[in-house]
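# here are the coordinates; sequence isn't available:
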């Protein structure tokens, strides 16, 4: 009986190697991100056409992919320019541009992202309410239907929308409401 169990497991293993699960490992261009940490569930839509797939650790995420972090989940993404994105539950983010010779472009539709970049790389984050232009830094940004908030831990970030902008330094935060200019906020811990 034990030998039969081993043979069945061996046959299933060979079958899995011969027919791996379809994964998005071949990006149409050379720029991609990597899922380096996952607790819970993250789904991605490789081309923004509504074809959601379950992501796995070390998944390759191509430029143009939309990411969705499920409830009670979180994930870390490593961009090609070594920027780390820590995504909290409920976050929806699109990887719009990741060319190492151009600014990395991210669209944060909702949720909370902690950005870590130790080198001054060009990064642009857009959201439905306000945008951010960090200058090699560590910061966090949250977006919901009514507000966008940003907190700077290191470096500097310009937080802006068509109504105005604020420049944030370490320890500062700002908030923007729909159709309102961003304003500095005092955060008490």
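Nice, thanks for sending it over. None of these values were measured; they are calculated from a predicted model.

# Any regions of the protein where pLDDT drops low?
Low-confidence segments of the chain (pLDDT under 70): 1-25, 100, 119-121, 186-189.

# what's in contact with stretch 40-56?
Around stretch 40-56, the neighbours that count as contacts under Cβ atoms under 8 Å, 6 or more residues apart in numbering are 22-24, 35, 38, 59, 61-62, 64-75, 87, 89, 94. C-betas here are computed from N, CA, C, even on glycine.

# Among those, the buried ones, what's the ChimeraX command?
Burial among the contacts of stretch 40-56 is assessed by 16 or more other Cβ atoms under 10 Å; the matching ChimeraX selection reads:
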select :24,35,38,59,61,62,64,65,66,67,68,69,73,74,75,87,89,94
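
# So which of the contacts of stretch 40-56 are in strands?
Among the contacts of stretch 40-56, the residues falling in strands (DSSP state E) are 35, 38, 61, 62, 66, 67, 68, 69, 74, 75, 87, 94.

# Report the two members of the residues you listed separated by the largest distance.
Taking Cβ to Cβ, the two most distant members of the ones in strands among the contacts of stretch 40-56 are 62 and 74; they sit 21.5 Å apart.

# May I ask you to name the longest strand in this structure?
The chain, longest strand under DSSP E: strand 104-116.

# Pull out the buried positions in it.
Residues of strand 104-116 classed as buried by neighbour count (16+ other Cβ under 10 Å): 104, 105, 106, 107, 108, 110, 111, 112, 113, 114, 115, 116.

# ditto for stretch 77-89
Buried residues in stretch 77-89, counted by 16+ other Cβ under 10 Å: 77, 78, 79, 80, 81, 83, 84, 85, 86, 87, 89.

# Quick one: those as TSV, columns for distance to residue 50 and secondary structure too.
Converted to TSV, these look like this (distance: Cβ to Cβ, whole Å; DSSP: H, G, I helix; E, B strand; the rest coil):
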residue	distance to residue 50	secondary structure
77	21	strand
78	26	strand
79	24	coil
80	25	coil
81	28	coil
83	27	coil
84	28	strand
85	22	strand
86	26	strand
87	20	strand
89	21	coil
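
# Adding distance to residue 185, write those out as CSV.
Formatted as CSV, the buried residues of stretch 77-89 follow (distance: Cβ to Cβ, whole Å):
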residue, distance to residue 185
77, 27
78, 30
79, 27
80, 32
81, 29
83, 24
84, 25
85, 23
86, 21
87, 23
89, 23
